[in-house]
Each structure stands twice: as structure tokens, then as C-alpha cells.
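Novice: can't give you the sequence, but here's the structure:
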């Protein structure tokens, strides 16, 4: 039996570490936190801010196993990650497993290599209570903010909403950027580009140094240029250098993986976690750019071996952020001799980290920048051509350059032909194009992480969860925005002739960028109006600084909580009592048919248009907005168009045809079949011919592709990806199959696997009552309708096995459900019959004034 028990937080990490330790060590995983604040209720004593931690139901068996293992071990080594979260995991383990100080040791390492693990074993320490308290302070403060602010949103905006200290600030950034874009007024100017030829007929592309505000000024310049002899007025050559960036921190890795690999933040962190746990890279949650001397030496040897001594330039980087604390080293490879690994996705991210680390220790690139001035003394402005030659590639040999989203796409840096001052050039073409200024770009995931870091909001461990949460809450999304079209003027001079044309310019379109949803905007506006301090960027950054001070032992966490709550709670009470309800309502104008007001607002089921008042005798009518429409920007004409839906067309093949808009967008309803109208197509433009085309396409897509035991197999693509359908069973098709060319053997394999799984799914099933006992991933459970319930233990405190449950009666199962949800089988009340509208009487409470009709 092993004398030493090592506890880490993940099975993958446990597997890697077990390889490096001998038979005297047993490595087990806690699968993350073994206990936390309760899922129901706040779980915090607001008088003392003491948290009431509990072991979650799915961890109870694990904790029992760990307690058993602890009894058999002489020493327990707590080896969770070295950041605050990891320290808290170690503290919870020590407390719950009742580990005595003399029988436990805390070890930390920022890479999972044999040397690092053995070195950690030789240098144990005790649990750092300051780091634990910093994590507790974050957990408790964020729980209080969420639990007290969210009910205010339920009451004042819409049930089911949530608020959070960092997530709400992240949403605010997205909303403010969107408002900035809406309010932006583009300014037009004419930019001139020229292509000139030297005596060798080599092209030189150049730009005029100044833009023209007016079309006539641009045209006048081209008239002047038509008869001008262009000369090289000046040639300036300057040496320059380019330096490599520092090694990766968490946020810079997320940003670079986005721009170079197209990975989202969550995917990047998932892959980085695997690379760390499998021993390929150092710890991936860090805001330090420091490299150990061992890493610097390892990189130096690899650079000299691979590229030569002239490429090596060892250097140390220092972290600018005063709050850098999550780990003591940048993200880097643990072994520079490993250039790639087997898994394709893992290898892409690993190679990015590998090349970035190598580049950070390589010599600067040497460049020669050339600027050529082209013009004539008779012209008011001159052209300028810029070019660059790389004299020595240095770090670029390993890493190269990728432009960021903020860099100018029209950069004119390229190789230029040799010219001399005074040399006459011919113009091949000079073009004046009308260009418009652009607003700030919407945030990508990586751009939002960069902004949060810039403002000091959040820490390496919180960026990815924050980005994920604001999308899960549906406060922001990354929907594709269709571009608008405007006319631009282009004037060209070629072969002594001036030609003017009007072109179409697409603008405002976007994809894979954050856009606030209607509910996101309404919630943000309500919170910023009523909780301005909590949503203040500076306040959120100061809270992070307080956590840092607690981690350093410079502040007591409960004192910090007392100070925060003494100001926060009174504000909650005030807003709950006095704030007006918020639904983003905008008066759009008057419906010409009825003379009633038309509003855009948030309703019970989302964004909608309303004609009429809530307290009118004749109830208002409603219409849902379509994808791409927004209550903050929709106009009266577009709003009224929505009331034309749904509309009927002629029957097709004996079945009715209807065009409408539903939860999942515009559709053609043919009989009882709903068929989505293709993305970007206006449902109001769908006529009889187009509807029949859409139905025909659906019929073709739904045609059987094969049979299984004489029954047809169809295929399609749904919300969760590609699938095949057998009878009423939908079967997901994994990526390892060629979905477009499924063979009969593929289909047989997929269907048989699904049928076997379904056969093992039900232990007992009562279809009429919609109740079943099913096998799940974590053991048997009860399903009632769409709700899931736990199966209680037997009288002897042991768990029911599947065979035991085959004998359980329906009445017994109903009792188990009722114990967890007393109202589960309560009869639903029938809606009361509508009473005739009674005359309103005045009460002491002031009623909202009825809105006057808008002026036509």
C-alpha cells in the first residue's frame, strides 16, 4: 500500500504525475472543487459573511473514496494548481478530509515534468491562507452581487434574468460600443491612389499625402495631373528594426489563437489545459511574461541548433501589470526539443506557443524602409510610395507577422523598384475614390479580453468564463449582420482621359463579432442607470485590486466585504422600492390604419412590436421582430410590415401553405411541416413560386438516402449538427464519418449503436404519465416530462441499482418526485373567464399616465 497520497484536481493531471512518481505514491483526482456554496439559496451569513460550504451530491461518493484513501496513507500531498483557485481546492480538501497539519503537505509547480514534480516534493509548504481568502472573497462577493441584483431584474425587467459583477461590465462594454457605432456619422473624403511607371516599365504604387473633402477638388486635381510631368522628388532610405513580442500570458494567448488559428477563447483554454495536464506546456493561467533561466537556456540552445548563433538574443521580460500574481512564469513549452505533438488541434496551439517563446529569445529583424516622393512643383500635393526590405529576418524566421484587426488593411509596405531623384515617371492610372470614415470595430472575443485586461477587470482565470457567461445568458451574440449599401463616386485618370462612375459600397456588415441582444441592452441600461457604481469600470478594477491585497496579506477579506456590503445592500433596497420597470420601450409613431400608437419593446417572450395601449378596451396586437432587427433601431415602416405575417398562399399538392416568423426565424409551413426560409431572405418577399421552390428543396433533402430493416433513413442538419433519422429516432453523426457520402455500413453502424443505447436507456417507463426511470451518465435518475429528479437512497442508506429499480412501483416513484417538488402533480388552474372591463377608480397609489398618441 502506498505511504503517500497525492491529490490533484483533474484525472489527466493525475495520470501524467503518476508516471513520474514511484510505487510509494498514489495519485488521485478531486475532479475540481469537492465543495462549494449551495446551488439553492445564497449560502452566506450576511452578518459575518461566513460561507456555508457543502459537498455537492455528485461529489459525495468521491469524498468517501478520498477519505478511505487518506486513512491508508501516512502523508497527503495537496498538488492542485498554484493559483488562488487551486489554493482554495487544497484548503477545501484539507478541511473536508480533516487532514492534520503534520500529515499534509502543499506542493506547487507550474509545469508537469519529472524535474518539476520531484523539486516540488523536495520543497513543500503549507496552505497559503491569504490566497484562499482572496478566492473566498471573490466567490462570496460575486454570489452576493448575483443573488441580490438578479431578483431586482426579475421584478423590474423580466423573470429569469441574471446579473454579475464582471459579466455585467463585459456586457456594458459591448452595448456601449454598439451605441457608439449607431451614433457615428461617417464623413466622406476622396483618397487618391496612383500607379506610376519608371523607364523600365516597373510599377510604383503611391498614395496622395492629403485627401480631398469635396468631389470637385479631387476632379480639379486629376485635371491638373492629366498634363503634368511626374518626377521622383525625393528618395529616403532609413534602417529600422522589428522586435519580437513577449512570451504568452493567458490573455495574449487567447488573442493570438483567435487571430492566427480562429480559436474562440473557451476552445483555446480547453486545449491549453490539456497541453498543461499532459506535460507539454507550463501553467496556462498566468499574467506574467517572465521566463525561468532554465527556459531561456533551453530556447537559446534550440535557436542556435536550428537557426544559427546570429539568431540568438536571450532576454528577460518583466510584467508591466502590478497585479501579476496568478503564476510566476509565462506560458511556454516544457521541452524545446518537442516541436509538435500527435493531436492536430493540440499541436496547432502548441506550435503557436513554441514559436512565440522561441521568437521572444531571438534577434530583432532588421529592415530597410524606403519612401519615394512623386510629384511636380505645379501640383498642390505630392504622392508618396512606401516600401520595406527585410535585411535580416531574425525572430520572423520562427514567428512571422500577422496583422491585427486594428491595423490598416491598405498598408502600402512592399518592395519598390530602384529610382533616382529627378527621374521622370509616367502615370499609368490615378484614381480618386470616395471613402467614408468608419466607427470603432465591434469586439471579437479576443478583443473583449484585451479590453477587460486593459481596464484591470478580471484575472487570467476569469476571462474565458466571463466571455462564455455573457453568451449563455443571451445578453450578447455573434450573429451575422447583413451589410448596408451606399453609393460612392470613383473618378479615374488613364490615358489622358477622366472617367467618372458611381459604384455600390457595402458597409456595416459583420460576423463573429459581439452584438448586444435586445434584452442585453435593456438590462445594461437598467443596471447602469440604477447601479452606476457596480457597473463602473474603475470600481470593478478596484475590487480586483482589493482581491490582490487580500492575496498578499495586506487586507482582511471580511473587512473588505463589510465595507462593500454596507454600501451595496441599501442601494438594492432603494432600487427595488423606487426604480421604474424597464422594457426598452420606444414610441415609433402611429399606425395609419387604426390611429393607435406603435411601440417597440421587450415582452414576455422577447423583442416585439405593439400596436395600441395595454389599458385600452380593445387589447393591443403584437408582432415578433425578425433576426437582425432591434427594438433600439427599428423604424415605423419596418415595424408595420411585421403585421403582414403570417399570410396564406395557395395550396400546394393538397396541403395549405403559410409564410410566417417563429422562434427559430422565418418559415414556410406546408401542411404540418415547418421549413426554414434561407438565411438573409425576406419572408415578405416569398411568393407562391418561391414557396414551392423551398418546399421542393425540403422534399429533396428529406428523401430517403438508404433503408434499415426495410424502413427509410433520412438525413439533415439541425441545431446540434448533422444527423440521420430512423423512424422517430434522431441519430447524431460524429465527425469521423463522411456525412455527404454515408455508406450502408456506416448507416447500419450508427443505427445499431443508437438502438442498443436506447434499449439500455429505460429501466422502467410509464408513457401515459410521462414518467420513466432511466440510466444516466452518473447513474439512474427519474424523468418526469422534461424535468429530472434524483433517486433517493434505500432505508439502509445504500444506492438503488438498476435491477432494484425494475421492481419499483409507479406510486413509489411519484412519492419520490413529490418529495422533491410538492407541486409536481398539482392540477393546473384553468384561466378565469374574462370579466367585462370595469371603470377604473382612483387609488392612493399613482397610476402611470396614459401615453398620448404620437403626432402624425
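Specialist: Perfect, I can see it now. Computed from a predicted model, the values in this text were never measured in an experiment.

Novice: In the lengthiest helix in the chain, which residues are buried?
Specialist: Longest helix in the chain, counting residues (DSSP state H): helix 129-156. Along helix 129-156, these residues count as buried under the neighbour rule (16 or more other Cβ atoms under 10 Å): 130-149, 151-153, 156. C-betas here are computed from N, CA, C, even on glycine.

Novice: now it, how far from the centre of its chain.
Specialist: A distance of 22 Å separates the centroid of the chain from that of helix 129-156, by Cα atoms, centre = their mean, to the nearest Å.

Novice: for that helix, packing partners?
Specialist: strand 44-45, strand 50-51, helix 84-96, helix 165-183, helix 518-530, helix 537-551, helix 557-578 (3 or more Cβ pairs under 8 Å, 6 or more residues apart in numbering; DSSP states H and E).

Novice: The longest one to helix 129-156, inter-axis angle?
Specialist: Think helix 557-578. 0 degrees (axes from the mean of the first three to the mean of the last three Cα atoms, to 10 degrees).

Novice: List of residues touching helix 557-578?
Specialist: 46, 48-49, 133-134, 136-137, 140-141, 144-145, 148-149, 151-152, 155-156, 530-531, 533-534, 543, 546, 550 (Cβ atoms under 8 Å, 6 or more residues apart in numbering).

Novice: what residue is smack in the middle of the protein?
Specialist: Nearest to the geometric centre of the chain sits residue 467, at 4.3 Å (Cα atoms, centre = their mean).

Novice: residue boundaries of the helices in the stretch 151-300 of the chain?
Specialist: 165-183, 215-226, 250-256, 265-277, 293-306 (DSSP state H, counting those that start in this stretch).

Novice: so which of those helices is the most packed in?
Specialist: Most buried of the helices of the stretch 151-300 of the chain by mean neighbour count (mean count of other Cβ atoms under 10 Å) is helix 250-256; its value is a mean of 25.

Novice: number of nearby residues for residue 492?
Specialist: Neighbourhood size, residue 492 [other Cβ atoms under 10 Å]: 15.

Novice: did I read that right, the residue nearest to the centre of the chain in a helix?
Specialist: Yes - according to DSSP: H, G, I helix; E, B strand; the rest coil, residue 467 belongs to a helix.

Novice: for it, what are its contacts?
Specialist: Contacts of residue 467 by Cβ under 8 Å, 6+ apart are 170, 264, 265, 266, 445, 448, 449.

Novice: before we move on, the earlier item: how about the helices and strands packed on helix 129-156, which one is nearest residue 387?
Specialist: helix 165-183 (34.6 Å; Cβ to Cβ).

Novice: Just want the angle from the closest one to helix 537-551.
Specialist: Going by the same axes, to 10 degrees, helix 165-183 makes 160 degrees with helix 537-551.

Novice: Turn the contacts of residue 467 into JSON lines, including distance to residue 502 and pLDDT.
Specialist: Formatted as JSON lines, these follow (distance: Cβ to Cβ, whole Å; pLDDT from 0 to 100):
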{"residue": "170", "distance to residue 502": "42", "pLDDT": "94"}
{"residue": "264", "distance to residue 502": "40", "pLDDT": "91"}
{"residue": "265", "distance to residue 502": "43", "pLDDT": "92"}
{"residue": "266", "distance to residue 502": "45", "pLDDT": "91"}
{"residue": "445", "distance to residue 502": "38", "pLDDT": "92"}
{"residue": "448", "distance to residue 502": "38", "pLDDT": "94"}
{"residue": "449", "distance to residue 502": "42", "pLDDT": "92"}
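
Novice: So which of the residues you listed is the closest to residue 609?
Specialist: residue 170 (29.2 Å).

Novice: does the closest one really touch residue 466, like I thought?
Specialist: Yes - counting by Cβ atoms under 8 Å, residue 466 is a contact partner of residue 170 at 5.3 Å.

Novice: what is in contact with those two at once?
Specialist: Once Cβ under 8 Å, 6+ apart is applied, the residues that residue 170 and residue 466 both contact turn out to be residue 452.

Novice: Tell me how many other residues crowd residue 779.
Specialist: Residue 779: 14 neighbours (other Cβ under 10 Å).

Novice: And for residue 161?
Specialist: 21.

Novice: And the nearest residue to it once chain neighbours are set aside, how far from residue 565?
Specialist: Leaving aside its sequence neighbours, residue 161 sits nearest to residue 153 (Cβ to Cβ, 6 or more residues apart in numbering; 4.1 Å). Noted for residue 153: a distance of 19 Å to residue 565, by Cβ to Cβ, to the nearest Å.

Novice: residue ranges with poor pLDDT in the chain?
Specialist: Counting by pLDDT under 70, the chain shows low-confidence ranges at 1-2, 320-327, 401-413, 828-856.

Novice: Report the contact partners of residue 110.
Specialist: Taking Cβ under 8 Å, 6+ apart, we find residue 110 in contact with 82, 116, 282, 283, 286, 327, 328, 329.

Novice: Would you check how far apart the residue nearest to the centre of the chain and residue 268 are?
Specialist: Taken as Cβ to Cβ, the span from residue 467 to residue 268 is 10 Å.

Novice: Appreciated, that's everything.
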